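sequence and predicted structure, then a few things I'm wondering about:
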Amino acid sequence: MRPSHAIAILSFVILSSGAQASGLLPYEDAERIANGSVVYNEYCAVCHGADLEGQVEEWRQPDADGFLPAPPHDETGHTWHHADDLLINIVTRGTEAIVGGTYKSNMMGFGDVLSREEIEDVLAFIKSTWSDEVIEIHNGINERASLYGN
């Protein structure tokens with residue numbers, strides 16, 4: 001097989017697989033989004049806010065004990081800066097377990113409380129609230145992460 005044919009076939013496979021381009025979250029599936037909203041309201045809203053607004057306006061500043069407040073999950077936050085795999089790991093294991101070192105966070109892992117599908121649903125609900133522009137950027141982050149094995 002000529003290299004140009006191999007590249008064409010590989011490009012087709014990558015571009016035609018929707019999961020590669022948009023990531024792991026079913027953010028266009030109304031049923032999964034609705035379930036994610038319910039789970040979010042039960043487990044996440046107490047810290048991240050009912051409207052995804054976060055715990056405090058100055059969420060980038062540690063509190064008196066050195067813990068960072070819960071960030072917003074709307075477009076003013078940084079959730080959309082991270083690939084789906086990382087977001088799923090953070091929700092599953094907790095922020096301190098993922099970041100390591102001296103990082104202090106009250107974000108516990110929910111892997112013993114929520115199923116993988118429930119975690120994906122919560123993140124799909126969050127993603128479904130973002131603008132088309134932010135979703136497009138986030139999908140690009142997922143695509144780059146999948147190309148580099150992250």
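Perfect, thanks for sending it. Residues are numbered from 1 along each chain as shown.

so which residue is dead centre in the protein?
Nearest to the centroid of the C-alpha atoms of the chain, with distances taken as Cα atoms, centre = their mean, sits Leu87, at 3.8 Å.

buried sites along the one helix or strand that residue maps to?
Assigned by DSSP states H and E, Leu87 belongs to helix 84-93. Buried residues in helix 84-93, counted by 16 or more other Cβ atoms under 10 Å: Asp84, Leu87, Ile88, Asn89, Ile90, Val91, Thr92. Every residue, glycine included, has its C-beta placed from N, CA and C.

same check, this time on stretch 106-120
For stretch 106-120, a neighbour-count test (16+ other Cβ under 10 Å) marks Met107, Met108, Gly109, Phe110, Gly111, Leu114, Glu118, Ile119, Glu120 as buried.

so how far is stretch 51-66 off the chain centroid?
Averaging C-alpha positions (Cα atoms, centre = their mean, to the nearest Å) puts stretch 51-66 19 Å from its chain's average.

what does that stretch contact?
For stretch 51-66, the surrounding residues in contact (Cβ atoms under 8 Å, 6 or more residues apart in numbering) are 47-49, 68-74, 76-77, 104, 126, 129.

nearest to Ala145, of the buried residues of helix 84-93?
Asp84 (7.8 Å; Cβ to Cβ).

now the closest one: how far from Ala97?
18 Å (Cβ to Cβ, to the nearest Å).

okay, the buried residues of helix 84-93 in JSON lines with pLDDT and distance to Leu25 next?
Below are those laid out as JSON lines (pLDDT from 0 to 100; distance: Cβ to Cβ, whole Å):
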{"residue": "Asp84", "pLDDT": "95", "distance to Leu25": "5"}
{"residue": "Leu87", "pLDDT": "96", "distance to Leu25": "8"}
{"residue": "Ile88", "pLDDT": "97", "distance to Leu25": "9"}
{"residue": "Asn89", "pLDDT": "96", "distance to Leu25": "13"}
{"residue": "Ile90", "pLDDT": "96", "distance to Leu25": "13"}
{"residue": "Val91", "pLDDT": "98", "distance to Leu25": "11"}
{"residue": "Thr92", "pLDDT": "98", "distance to Leu25": "14"}
